[in-house]
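**Q** Model the structure of this input:
(chains A and B)
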Amino acid sequence: MNAITQNKMQLWEPRRVTTLTQARFRSSLVGLLRMLFMAGIAISAGWLIGPVVVHAFTSGASIQENSVNGVTMLNPRFSGRDENGNAFTLTAGTAQRRIDELDVVDLQQPVLEDGLGGVVRARTGVYDKGKEMLTLTDNVHFVDASDYELTTDSAVVFISENRVVGSTPLRGEGPLGEFRADSYEVVDGGKRTILIGNVWTQIVSVDPDEEGDN
Amino acid sequence: QLGNSRGPIEITADRFELDDVKHEAIYQGNVDVIQGQSRIRANKVVVSYWSKESQKERAAAATGSIGALKEIIATGEVYYITPVEKVKAERGVYNAEKERITLSGNVLVTNAEGVIAGAHLVIDIPKGRYNMDGGGLGGRVTSVFESVGEPPIQ
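**A** Numbers count the residues shown, from 1 in each chain, chains lettered A, B, ... in the order given. Below you'll find the model as predicted:
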């Protein structure tokens, strides 16, 4: 029987090349290799995806910082008209535009002149050009055309409507006398002032005759 | 002035609205008007004052303090209280120039001597004169005085 046919015969003969212990060793080796392989996959996956996940969480803060530290303008001037056509001018010491909200500007020492003789200033403010809204905080001080002066801690100025709203206590003085209250609203460009909550006013009535004697 | 002493008028309330076009200050909710020892309490009080321009016309110098007070109108459970009497009414008007208070609507004056009821009371503050009437149409003034010390007539 030549060599070729002998080879073919061998293919069909049952092989008992390895002993039982060798077979067991071999299968446990395969199992160990499989585990190592799976561990390797996990590690490489972690190595790839990990930085991406970590970056996503930590970058939030850095983006926050970046958004505040946008472009800084010195002595900026914003102007426009309210719904009655009155021109207004908003100036400040510095203005910092936010990167993620291009319409919003953080102001230091803002001063708003409403075109009706009214001026409001504060230590800090946020101007939202899109909403035409100015939020003032810290030592907010108003003076209007009728000689009324008003001091409070915060105010929201709706520039287009020429309306001011505040929910922090205020004190003020004017032709009518002195006044205090818990919250307030100034409408119609300062023609009407509404005080709400614990209102106190003091009217110093001057007698015309008395004035004549002075 | 509201009573026998001048000085600033202090007004407290729940809500206040200043209308600088009409030159009115509107107080609402537990309104308390105090000047010295005199007081007006009401649900609503409207204070009107002369504008700076009209002050100049009336030769009232703009002294930096308030434009001269013109009138105080109180409505809704009005009380006018001084150290010697308490007056209840539905409406009260204080005219600053004439220094006169007019109270109307079920007016009831209570003091140490007794009680007087009528429809319409005018108080001339500088002269300290009170003029009460029944409000016409058959209205009458009624009063009850307490006699002090003497025994009642049997």
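**Q** Spell out, range by range, the strands that occur in chain B.
**A** Using DSSP state E, the strands of chain B run over B:9-19, B:24-35, B:38-49, B:69-81, B:85-95, B:100-111, B:114-124, B:129-133, B:142-145.
**Q** Need those in TSV (columns: distance to chain A and mean pLDDT).
**A** From N, CA and C alone the C-beta is placed, and that goes for glycine too. What follows is those, written out as TSV (distance: least, C-beta to the nearest C-beta, whole Å; pLDDT from 0 to 100):
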stretch	distance to chain A	mean pLDDT
strand B:9-19	4	94
strand B:24-35	6	95
strand B:38-49	6	94
strand B:69-81	4	93
strand B:85-95	11	95
strand B:100-111	14	94
strand B:114-124	16	92
strand B:129-133	20	89
strand B:142-145	33	84
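**Q** quick one, which of those strands is nearest to A:V71?
**A** Closest approach to A:V71 among those (C-beta to C-beta): strand B:9-19, 41.4 Å.
**Q** Helix, strand, or coil at A:G31?
**A** Using DSSP: H, G, I helix; E, B strand; the rest coil, the structure places A:G31 in helix.
**Q** so how far is chain B from it?
**A** Computed as C-beta to the nearest C-beta, to the nearest Å, the A:G31 to chain B distance reads 83 Å.
**Q** Before we move on, what's the pLDDT of A:V143?
**A** Model confidence at A:V143, given as pLDDT, is 90.
**Q** List the beta-bridge partners for residue 133.
**A** No chain specified, so I'll use chain A. A:D128, A:F158 (DSSP bridges).
**Q** Please refer instead to chain B.
**A** For B:D133, the beta-bridge assignment (DSSP bridges) gives partners B:H120.
**Q** what do you get for A:R163?
**A** Following DSSP bridges, A:R163 is listed with bridge partners A:F158.
**Q** for chain A, where's the lowest mean pLDDT among helices and strands?
**A** None of the helices or strands of chain A scores lower by mean pLDDT, DSSP states H and E than helix A:208-213, at a mean of 43.
**Q** and A:R123, how many residues sit next to it?
**A** Residues within reach of A:R123, counting by other C-beta atoms under 10 Å in any protein chain shown, total 15.
**Q** excluding its backbone neighbours, what's nearest it?
**A** A:D138 (3.9 Å; C-beta to C-beta, 6 or more residues apart in numbering or on different chains).
**Q** Assign a three-state SS to that neighbour, would you?
**A** Here A:D138 takes the strand state, with states given by three-state DSSP.
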